[in-house]
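Q: Provided below are the primary sequence and the corresponding predicted coordinates.
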Amino acid sequence: AYFQYRQSVRQDLDNDFRAVIGKLSAENREERMAAASSIGTFIVKGEAYYDEATDIFINRLSIELDYNVLNAVRGSLLKIEDPEYKRVIEKILDIDRNIFTQEYVLKKWLNEAEKSWEQSKKDYSDLENEESNPDLKKVTLENTKKLVSEYHNTYLNLKKDIDELSKHRQVAADFLTSLFSKVTRLAPIKNLEFYYNSLNYVTMSELNLINSVFQSSALSSSNIINTNFNGSTMIDTTFAY
């Protein structure tokens, strides 16, 4: 009877946890904020959902764009144990790095799509001015017009993807620095690796980033105030503006 009771309690808890996670994807902002706060109650070291709840919050950075919801997420993440902060921050850096590299690839594709679109428009213009069989010209123009439309749609879709990705990159950078500002004031997180990470347009205030490595990263147009980089290594990293 005791064993069955324990199973029943565990099942109820699991159902509650899954229900709250579902609300984290709700359309309504207030529901998502409430869910973010509720999931925080599961972040108790030694409890069954500690790691899962933490990872759900971290992965939310690839989806969520509302800063009010993200502030609730940050508040819940601050409940983790001190030694866990480095692991969490490294995972957030991984998300930021993936966005950074995806954006680079998409920009290359966008450039190629724009060239194809411009070339197809030129081809269409050249065909219009060409003197040839009217029937053949009509068919060729129709086919070329379709190509112009297809290349244009590809260009617009890629541009939309890049704009969306840029927003998520900025969200990840802002979230990371706001988490840093709470955590590293108490104790520095040593030996962090920033590799292909973007911390552009953020405010870095009162951070302790000693003995960190910054390689092929960007901290341009950022406000860096009373931040400790002692013992850190900077390689191919830009601090423009």
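A: Happy to help now that I have it.
Q: And stretch 193-204, what's buried?
A: For stretch 193-204, the neighbour count (16 or more other CB atoms under 10 Å) marks 194, 196-202, 204 as buried. In short, each C-beta sits where N, CA and C put it, glycine included.
Q: Go through stretch 98-117 and flag the buried ones.
A: Buried, per 16+ other CB under 10 Å, within stretch 98-117: 98-100, 103, 106, 110, 113-114, 116-117.
Q: Repeat that for stretch 159-172.
A: 162, 165, 168-172.
Q: Does the host helix or strand of Leu136 pack against any helices or strands, and if so which?
A: Leu136 is located in helix 134-183, with elements delineated by DSSP states H and E. Helix 134-183 sits against helix 67-77, helix 85-128, strand 203-205, with contacts defined as 3 or more CB pairs under 8 Å, 6 or more residues apart in numbering; DSSP states H and E.
Q: Is it possible to get a markdown table of these that adds mean pLDDT?
A: What follows is the helices and strands packed on helix 134-183, written out as a markdown table (pLDDT from 0 to 100):
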| stretch | mean pLDDT |
| --- | --- |
| helix 67-77 | 88 |
| helix 85-128 | 90 |
| strand 203-205 | 88 |
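Q: returning to that earlier point: what average pLDDT does the helix holding Leu136 get?
A: Helix 134-183 shows a mean pLDDT of 88.
Q: swap in stretch 230-241?
A: 93.
Q: which other residues reach that stretch?
A: Residues outside stretch 230-241 that contact it (CB atoms under 8 Å, 6 or more residues apart in numbering) are 194, 209-222.
Q: And it, what's buried?
A: 232, 237.
Q: what's the span of that stretch, first residue to last?
A: In stretch 230-241, first residue to last residue: 21 Å (CA to CA, to the nearest Å).
Q: Next up, the contacts around Thr154.
A: 113, 116-117.
Q: Redo the helices and strands packed on helix 134-183 as JSON lines? Include distance to Ala240.
A: Below are those laid out as JSON lines (distance: least, CB to CB, whole Å):
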{"stretch": "helix 67-77", "distance to Ala240": "25"}
{"stretch": "helix 85-128", "distance to Ala240": "16"}
{"stretch": "strand 203-205", "distance to Ala240": "15"}
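Q: circling back: please flag which of the buried residues of stretch 193-204 sit within strands.
A: 194, 204 (DSSP state E).
Q: now, the most widely separated pair of the buried residues of stretch 193-204?
A: Spatial extent of these (CB to CB) is set by the pair Tyr196 and Met204 at 18.2 Å.
Q: quick revisit: format the buried residues of stretch 98-117 as a markdown table; extra columns: distance to Asn59.
A: Converted to a markdown table, those look like this (distance: CB to CB, whole Å):
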| residue | distance to Asn59 |
| --- | --- |
| Asn98 | 11 |
| Ile99 | 13 |
| Phe100 | 17 |
| Glu103 | 18 |
| Leu106 | 21 |
| Leu110 | 26 |
| Ala113 | 29 |
| Glu114 | 32 |
| Ser116 | 35 |
| Trp117 | 35 |
